[in-house]
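[1] curious how this folds, go ahead:
(chains A and B)
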Amino acid sequence: AQSVAQPEDQVNVAEGNPLTVKCTYSVSGNPYLFWYVQYPNRGLQFLLKYITGDNLVKGSYGFEAEFNKSQTSFHLKKPSALVSDSALYFCAVRAYTPRGTYKYIFGTGTRLKVLA
Amino acid sequence: AAGVIQSPRHLIKEKRETATLKCYPISRHDTVYWYQQGPGQDPQFLISFYEKMQSDKGSIPDRFSAQQFSDYHSELNMSSLELGDSALYFCASSSPADTEAFFGQGTRLTVV
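    Okay, the predicted model is just below:
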């Protein structure tokens, strides 16, 4: 079964410091991996994705993620955190269904708190 | 460009009532997904449609049903509502050209 895991329920970081939100995956075949962010009472906003190519992918709002095949990880990073980055972050994998279509499977989410 | 539109944004129903949630995908997106997010939880996949046919089913109760119409909008029908159905319900859509799904703002359903 295809899945993603986010080992940290919450990450605290001081404003201006680098941040990392961890994600590991378990997939058969080549993984399609995503990061989404959710602000309170809002929908999920797409941040970035890894499909193929460079292991370091850049996304919205200065975020980037590093794909590591040997460690089956896809950690979200930002060089300098902002208070406004405080939100709930979800890692996701696209999994194929028996009918040949696909669905998105989410991790349990990590709450990022950036302290002023 | 307009994103995924969900209506209503908020809905309050009593136990045992029925609710209908609507989703209007991004233009030319042929796949719609429904997710349920309980308080403090990750989004759980309910059901998806591709080209108006059900493509996959997740942890959707038998009391719930959904369909995708000829204009690609989708409706999630929920009957015999229970208190535990209170959650944020998201719809997402994607197209063959996109690898990511785009989510709507969600419908917050409160069952009292």
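
[2] so how far is the helix or strand harbouring residue B:20 from its chain's centroid?
    In this structure, residue B:20 sits in strand B:19-24 according to DSSP states H and E. How far strand B:19-24 lies from its chain's middle: 7 Å, per Cα atoms, centre = their mean, to the nearest Å.

[3] quick one: contacts of that strand?
    Outside strand B:19-24, the residues within contact range by Cβ atoms under 8 Å, 6 or more residues apart in numbering or on different chains are B:4-8, B:11, B:13, B:32, B:34, B:73-78, B:81, B:89, B:91, B:93, B:104, B:107, B:109. To be clear about C-beta, it is placed using only N, CA and C from the backbone, and glycine gets the same treatment.

[4] helix, strand, or coil at residue 76?
    Using chain A here. When classified by DSSP: H, G, I helix; E, B strand; the rest coil, residue A:76 comes out as strand.

[5] again, but for the one 5 residues further on
    When classified by three-state DSSP, residue A:81 comes out as coil.

[6] cool, and the one 3 residues further on?
    Put simply, residue A:84 is helix when judged by three-state DSSP.

[7] what does the one 10 residues further on give?
    With three-state DSSP as the basis, residue A:94 sits in strand.

[8] which helices and strands sit right next to the helix or strand of chain B with the lowest mean pLDDT?
    Lowest mean confidence among the helices and strands of chain B (mean pLDDT, DSSP states H and E): strand B:53-57, at a mean of 90. With contacts taken as 3 or more Cβ pairs under 8 Å, 6 or more residues apart in numbering or on different chains; DSSP states H and E, strand B:53-57 sits against strand B:44-50.

[9] contacts for the strand it packs on?
    A:97, A:99, A:101, A:103-105, B:30-38, B:54-60, B:64, B:66-68, B:74, B:76.

[10] quick one: work out the angle between the strand holding residue B:20 and strand B:44-50.
    50 degrees (axes from the mean of the first three to the mean of the last three Cα atoms, to 10 degrees).

[11] having no further points to raise, I will conclude here.
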